[in-house]
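*Asks:* predicted coordinates and the sequence they were generated for:
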Amino acid sequence: MICSKLLSPIPGVRKTARHLGLSTNTIISIRAKMTALGYSKPEELTALSDDEIISRFYPNSCHSSVVKPNEVDKNNKYVPDFLYLAKDMLERKKTVGEIYEEYRELAF
C-alpha cells in the first residue's frame, strides 16, 4: 500500500506520511528503495505477494512464512529475551526504563 501510494502521481511525501501514520523519513527511505530496485508503476508492486515484496526489499532478512504473525522468531538475534528481562527486572528491582537502557547498550 505504501509503495503504490508513493508511485501514484497525486500525493506528496508529507501527505502520504500523514495519511498512513508514518514519518516522512520512513516514506523517503521506502521511495529511495523502490527507485533503487527500479519500480516505477504501482502495478509492478501490486502484482507481488507480501513475501515477494519483503524478499526483494530486504533480501538479507530471515523472514519466513512459517513464523506466524503473533509469534516471535527465536532465530532473530535482534529480538530480546523478554522473559529473562522481566525476571532480571524483578530480581534487581529495576524500572522498565533502566532495564531498557541496559538492553539498548548491550544491543549496540
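*Replies:* Yep, that arrived.
*Asks:* okay, Pro11: pLDDT?
*Replies:* pLDDT for Pro11: 65.
*Asks:* can you give me the buried ones in the helix or strand hosting Ile54?
*Replies:* For Ile54, the element it lies in under DSSP states H and E is helix 50-57. Buried positions in helix 50-57, judged by neighbour count with 16 or more other C-beta atoms under 10 Å: Phe57. Placement of C-beta: from N, CA and C, glycine included.
*Asks:* after it, next one along is what?
*Replies:* helix 82-92.
*Asks:* and that next one, C-alpha only, in CSV?
*Replies:* Output of helix 82-92 as CSV, limited to C-alpha atoms (Å, rounded to 0.1, in the frame of the first residue of the first chain):
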residue,chain,number,x,y,z
PHE,A,82,11.6,-10.8,27.3
LEU,A,83,11.2,-13.5,30.0
TYR,A,84,14.8,-13.0,31.1
LEU,A,85,14.5,-9.3,31.1
ALA,A,86,11.3,-9.4,33.2
LYS,A,87,13.0,-11.8,35.8
ASP,A,88,16.1,-9.6,35.9
MET,A,89,13.9,-6.5,36.4
LEU,A,90,12.1,-8.1,39.4
GLU,A,91,15.3,-9.6,40.9
ARG,A,92,17.3,-6.4,40.8
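*Asks:* just checking, what packs against that helix?
*Replies:* helix 96-107 (3 or more C-beta pairs under 8 Å, 6 or more residues apart in numbering; DSSP states H and E).
*Asks:* so the helix it packs on versus helix 82-92, what angle?
*Replies:* Between helix 96-107 and helix 82-92, the angle comes out at 120 degrees (axes from the mean of the first three to the mean of the last three C-alpha atoms, to 10 degrees).
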